[in-house]
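> I'd like to go over a predicted model; first the sequence, then the structure.
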Amino acid sequence: MSENTITQQDTIVALATANGNGAIAVVRLSGEHAISICNEVFRGKDLSTQPSHTIHFGTIRDGEEILDEVLVSLFIGPNSYTKEHVVEISTHNSSYIIERVINLLIKKGARAARPGEFTLRAFLNGGLDLSQAEAVADLIASNSAASHQVAMQQMRGGFSNQLKQLREDLITFASLIELELDFSEEDVEFANREQLKVLILKIYEVINKLIRSFEQGNVMKNGVPVVIAGKPNVGKSTLLNALLNEERAIVSDIAGTTRDTIEDEININGVTFRFIDTAGIRETADVVEAIGVERTREKMKLARLIVYLVDPTQDTISEVLKQLEEVKSLDIPYVVIVNKADLLADAERAAFDVLEASFISAKSQDGVEELKDLLLEQVNLKGLNADDVMVTNIRHLEALKNTQAALERVLGGIDNPVTSDFLALDIRQALYHLGEITGQVSTDDLLDNIFSKFCIGK
Ligand SMILES: Nc1nc2c(c(=O)[nH]1)N(C=O)[C@@H](CNc1ccc(C(=O)N[C@@H](CCC(=O)O)C(=O)O)cc1)CN2
Ligand SMILES: Nc1nc2c(ncn2[C@@H]2O[C@H](COP(=O)(O)OP(=O)(O)OP(=O)(O)O)[C@@H](O)[C@H]2O)c(=O)[nH]1
């Protein structure tokens, strides 16, 4: 932590709002000298005598030059986001004003903040734990009801409070068992093995549930990658357009015009579906197309759901069944959709019954709404409880799995008694991995890695 704790003495400054349009920009300062630095350039009330959580009108001056008329908000540490003194200057949103104000504050002793440094400080000062800090980034990136819900839950404590309590309980046992090591000659048992087992099983249950929540959580956070597959000209691009409701992909009569993959998103009932439009699946001698076909297979493997499109005017049942063998072999959920239903007489439809497919007409948009319902059904988010805590972060998932493995070793060590030192070792490992999630255990590298992905000013 050396670097972080040293630089924490600096007062940092950054633009907190986005670059670009908007009426107002907020320049944020955090650190020991935030108030005094601002006071030097602010003409209005003396900020050093004002109570926390107050707003003051005045001007920002560089010497006698007035840079802007502003509002200054005051947060006196530790009652702030970062737990340090925080001052926010709301200026008019001009890139010129912003640059002048920030440079002026730097001249008066502040330093430009690094990406995520405000939130890093909130973490280092105990305002947020690590999983909550990570959720702040997820919240900013959230763009659907589902991704917003999981990020908000995590930011407000989510599973980390629960994990922290369980970790405390486990620490008590670890200490008792380590005490036994000091008396190893005397064969004493300070830690009741039955109670330990009950606790471990309880933690195990919680961890297990969290691990299982990942798939659902991941879908909510990142959306569902869907591949629309099918032979050339079955209407994949037309369907994608119908779903996106705009002309994104090129539609043409010439087979194989979709040469590359185009990704796009739609939101169905708050869940994001990321569609990947692909080149047709077929053997081909055309090199450019062959690349497209290979990519289709690669893309299909990335999908969580495959929409397999059939053209009843072109494909025969036996051909389709053969193609579906290939789709099945990928072991990814799929739905079969017969397109161009407008060209089918009712009698002809019956021939496709074996496919248990839905019929649509991408061109006239018939059945497209029903297809959306079908997609939602496939990802099965209906059973989702709004209060369910969800893991969405791969780092957390890894730590949970490592915790689980260590707990299994502890359980094994209780059932087939091993010496206290082995038990203590495995408990310490479980504690370590649990602590990784909330940041009770962390390294500079890990923190760098997490916070460098934030934007500047956050
Ligand atoms: N202008 C502004 N808006 C913002 C933030 C900010 O820093 N500034 N935030 C962040 O970037 C988020 C809000 N987060 C915040 C969290 C705590 C405190 C705060 O003042 N906490 C005090 C007082 C709590 C209270 O009165 O109940 C405290 O914790 O003691 C402020 C913002 C989103 N909107
Ligand atoms: N009658 C009818 N024609 C359709 C329907 N859907 C697509 N088509 C037509 O089928 C042709 C091929 O459609 P595309 O969407 O380009 O097919 P694709 O599967 O993307 O084709 P590739 O780019 O070759 O892979 C176009 O002429 C579309 O207008 C439909 O529901 N009914």
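Alright, I've got the coordinates. Numbering: from 1, shown residues only. Ligands and ions are numbered 1, 2, ... in the order given.
> in the stretch 151-300 of the chain, which spans are strands?
Counting by DSSP state E, counting those that start in this stretch, the stretch 151-300 of the chain has strands at residues 224-229, 262-268, 271-277.
> Need the winner for burial among those.
Highest mean neighbour count among those (mean count of other CB atoms under 10 Å): strand 224-229, with a mean of 24. Quick note: C-beta positions are derived from backbone N, CA and C, even for glycine.
> Can I get that strand as PDB, trimmed to CA atoms?
Extracted in PDB, the C-alpha atoms of strand 224-229 (Å, rounded to 0.1, in the frame of the first residue of the first chain):
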ATOM      1  CA  VAL A 224     -27.200 -12.000 -23.300                       C
ATOM      2  CA  PRO A 225     -25.100 -12.700 -26.400                       C
ATOM      3  CA  VAL A 226     -27.400 -14.100 -29.100                       C
ATOM      4  CA  VAL A 227     -26.300 -15.400 -32.500                       C
ATOM      5  CA  ILE A 228     -28.800 -15.400 -35.300                       C
ATOM      6  CA  ALA A 229     -27.600 -18.300 -37.500                       C
END
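> That one vs strand 262-268, what angle?
120 degrees (axes from the mean of the first three to the mean of the last three CA atoms, to 10 degrees).
> What pairs with strand 224-229, parallel or antiparallel?
Applying DSSP bridges, strand 224-229 is found paired with strand 271-277 (parallel), strand 305-310 (parallel).
> looking at those strands, which is closest to residue 180?
Minimum separation from residue 180 across these (CB to CB) falls at strand 271-277, 51.4 Å.
> Could you confirm whether the closest one reaches ligand 2?
No: using CB under 6 Å from any ligand atom, strand 271-277 never reaches ligand 2; the gap is at least 7.0 Å.
> Now do that strand: distance to the chain's middle.
Distance of strand 271-277 from the chain centroid (CA atoms, centre = their mean, to the nearest Å) equals 16 Å.
> Just the residues contacting that strand, thanks.
143-147, 219-220, 222-228, 236-237, 240, 243-244, 249, 258, 261-267, 299, 302-303, 375-376, 379, 381 (CB atoms under 8 Å, 6 or more residues apart in numbering).
> Can you list the buried residues in stretch 443-455?
Buried positions in stretch 443-455, judged by neighbour count with 16 or more other CB atoms under 10 Å: 447, 450, 451, 454.
> As TSV, the strands of the stretch 151-300 of the chain with mean pLDDT would be great.
Listed next are the strands of the stretch 151-300 of the chain as TSV, based on pLDDT from 0 to 100:
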stretch	mean pLDDT
strand 224-229	89
strand 262-268	76
strand 271-277	82
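> what's the pLDDT at residue 251?
At residue 251, the model reports a pLDDT of 57.
> ditto for residue 320
On the pLDDT scale, residue 320 is placed at 86.
> where exactly do the helices run in the stretch 1-150 of the chain?
Under the criterion DSSP state H, counting those that start in this stretch, the stretch 1-150 of the chain contains helices at 2-7, 34-41, 95-107, 117-124, 130-141, 145-155.
> brain fart, the stretch 201-350 of the chain
236-244, 287-302, 317-329, 346-349.
> Next secondary structure element downstream of the last one?
Sequence-wise, the next helix or strand beyond helix 346-349 is strand 358-359, with elements assigned using DSSP states H and E.
> Could you chop the protein up by domain?
Domain ranges of the chain: 12-127, 136-213+390-439, 220-379, per automatic domain parsing.
> Out of the helices of the stretch 1-150 of the chain, indicate the one that is most buried.
Comparing the helices of the stretch 1-150 of the chain by mean count of other CB under 10 Å gives helix 117-124 as most buried, with a mean of 25.
> Show me the contact partners of that one.
Here helix 117-124 makes contact (CB under 8 Å, 6+ apart) with 1, 4-5, 8, 12, 14, 16, 28, 30, 81-84, 128-130, 132-133, 136-137, 439, 447, 451, 454, 457-458.
> what does stretch 425-433 give?
Contact with stretch 425-433 is made by 167, 170-171, 173-174, 177, 203, 399-400, 402-403, 406-407, 409-410, 413, 441, as judged by CB under 8 Å, 6+ apart.
> redo that, cut-off 10 Å
For stretch 425-433, the external contacting residues (CB atoms under 10 Å, 6 or more residues apart in numbering) are 166-168, 170-171, 173-175, 177-178, 191, 196, 200, 203-204, 207, 398-413, 418, 440-441.
> so how far is ligand 2 from the closest residue to ligand 1 within the chain?
The nearest approach of the chain to ligand 1 comes at residue 79, 3.4 Å away (CB to the nearest ligand atom). Distance, residue 79 to ligand 2, using CB to the nearest ligand atom, to the nearest Å: 58 Å.
> burial of the residue lying closest to that residue once chain neighbours are set aside, as a residue count?
Nearest residue to residue 79, sequence neighbours excluded (CB to CB, 6 or more residues apart in numbering): residue 52, at 5.2 Å. Residue 52: 14 surrounding residues under other CB atoms under 10 Å.
> part of a helix, is residue 396?
Yes: according to DSSP: H, G, I helix; E, B strand; the rest coil, residue 396 belongs to a helix.
> For the residue lying closest to it once chain neighbours are set aside, which residues are in contact?
Nearest non-adjacent residue to residue 396, counting by CB to CB, 6+ apart: residue 437, 5.2 Å away. By CB under 10 Å, 6+ apart, residue 437 lies in contact with 129-131, 134, 159-160, 163-164, 167, 210, 391, 393, 395-400, 403.
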